[in-house]
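Chemist: whatever this is, show me its structure:
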Amino acid sequence: MGALESHKQIASQCFNRVWDFLDLQERTKAEEEQMIHLAHTSFWHWTQVEEHTPQNLSIGYWQLARVYAVVGNGEQSQYYADRCIEVSLEASIPPFYIGYGYEALARAYMVLGQNEMALDIFQKALRYAEEVVVEDSKKMLLKDLYEIKEVITA
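Modeler: Here you go, the predicted structure:
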């Protein structure tokens, strides 16, 4: 196996392992820390793949934003959500990924207790969600968005 395949394989394995932690209802501090390290490891390995795309970076930044939101670190979540949006808009990648960038930013503002900002960003994400043509992808994004809205308007 060459270096390219190794980086892709490690990136994918770490990315998927992060999801194992995200799917847990509760995590220990040690599990949260491991999840953060895995998300960063996944992202770094993607950057080592020569033909990585802006879409790969967008997904990686989004996952980092989600992980930091889940552990309650709104500042880091906001930073990575902003990076996700920046990379996504610069590369004009499909609205699904841009919508998820804004979903991550809304979640970051929610964690920071800035519900008004979260609601504004929710509206931006919703506009991108409406542009998603793959129905299953649109449903997934809308589900995540309305979960955020439910919390910030409660």
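Chemist: where does the most centrally placed residue in the chain land in three-state SS?
Modeler: Taking CA atoms, centre = their mean, the centroid of the chain lies closest to residue 62, which sits 2.2 Å from it. Secondary structure state of residue 62, per DSSP: H, G, I helix; E, B strand; the rest coil, is helix.
Chemist: my guess is it contacts residue 102. True?
Modeler: No. Contact criterion CB atoms under 8 Å: residue 62 and residue 102 do not qualify, at 10.2 Å. For the C-beta atoms, the positions are set from N, CA and C on the backbone; glycine is no exception.
Chemist: residues shared between the contacts of those two?
Modeler: Common neighbours of residue 62 and residue 102, using CB atoms under 8 Å, 6 or more residues apart in numbering, are residue 81.
Chemist: what about the closest residue to residue 131 other than its chain neighbours, distance to residue 137?
Modeler: Take residue 131 and drop its neighbours on the chain: the residue closest to it by CB to CB, 6 or more residues apart in numbering is residue 95, 3.8 Å away. Using CB to CB, to the nearest Å, residue 95 is found at 9 Å from residue 137.
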